[in-house]
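Asker: need a structure here:
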Amino acid sequence: MVNNKATEKEFEDYVTYLGGEISRLSDYVALYQRLEELKADHLEEMNFAPFFFGVTIDALFSVIVLWIDKLFDEKGQRGLFNFLAFVEKNIDLFRVAELQRRQNYPDGHWMLDRDAVTIESVEVDRQKLRQCPARKAISLRRNKFHAHFDKKYFFNRAALDQEAPISWEELTEAVKLTQETVNKYSSHHDGSATEFMALNCDDVNGVLKAIREWRQFRLQELESALDED
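Answerer: Presented below is the predicted three-dimensional model:
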């Protein structure tokens, strides 16, 4: 119902907490991708601590599978589908006139030049979630291995990679879709949007650089000691 402050607060809380989980997923995917990319030029440094880097990469992939599946779970008590159901149920909150009232925008303000939120437009967004390319493979991985052990894949993990492959492009698209879905309705509500960025992802570059420099220093020490002998 329009002007229902409790419902407005509930939506704002939903955006805050769902946005936080999307931010986690964005960070997980960004770091996972960065570590995989760094293998090409920093494999020796990673092999200096293979247990740490190996376990970290494996754990990141597992949590990515679980987080995407939770966010895209159509029957989940929370997540993107439930979020759209909330929007649909309270669709009057997202009328352009309500945005103008909340932000006190003057008539003709550029933020008011937008398509209306309708039952039909919400359904279009729901279909986009259903058609996300990574969703099917992620669901299979979650149900058959990462959350529950299926006998077939337990004894043949390679079969999982063959039957449920996931590309970087698909992972990136899934993350982007989660961000766009929440930001779209947040913008319709009060004009705000969250910029989901893994700001400190380059930290790992510094760690590997430090390992490389330390290895070079130790190698020079060893060469000097051999020359003295």
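Asker: Could you list the low-pLDDT ranges of this structure?
Answerer: Within the chain, the ranges that satisfy pLDDT under 70 run 1-3, 198-199, 218, 221-223, 225-229.
Asker: just the helices in it please.
Answerer: Counting by DSSP state H, the chain has helices at residues 5-48, 50-72, 80-89, 96-103, 119-130, 133-141, 151-154, 157-163, 168-190, 203-228.
Asker: Let me have the ones you listed in JSON lines, extended by mean neighbour count.
Answerer: Every C-beta, even on glycine, is put in place using the N, C-alpha and C of the backbone. Putting those into JSON lines (neighbours: other Cβ atoms under 10 Å) gives the following:
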{"stretch": "helix 5-48", "mean neighbour count": "16"}
{"stretch": "helix 50-72", "mean neighbour count": "17"}
{"stretch": "helix 80-89", "mean neighbour count": "18"}
{"stretch": "helix 96-103", "mean neighbour count": "15"}
{"stretch": "helix 119-130", "mean neighbour count": "14"}
{"stretch": "helix 133-141", "mean neighbour count": "20"}
{"stretch": "helix 151-154", "mean neighbour count": "13"}
{"stretch": "helix 157-163", "mean neighbour count": "12"}
{"stretch": "helix 168-190", "mean neighbour count": "18"}
{"stretch": "helix 203-228", "mean neighbour count": "11"}
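Asker: and of those helices, who's closest to residue 113?
Answerer: Nearest to residue 113, of all the helices of the chain, is helix 96-103, at 8.8 Å by Cβ to Cβ.
Asker: From the contact counts, what lies against that closest one?
Answerer: Here helix 96-103 touches helix 168-190, going by 3 or more Cβ pairs under 8 Å, 6 or more residues apart in numbering; DSSP states H and E.
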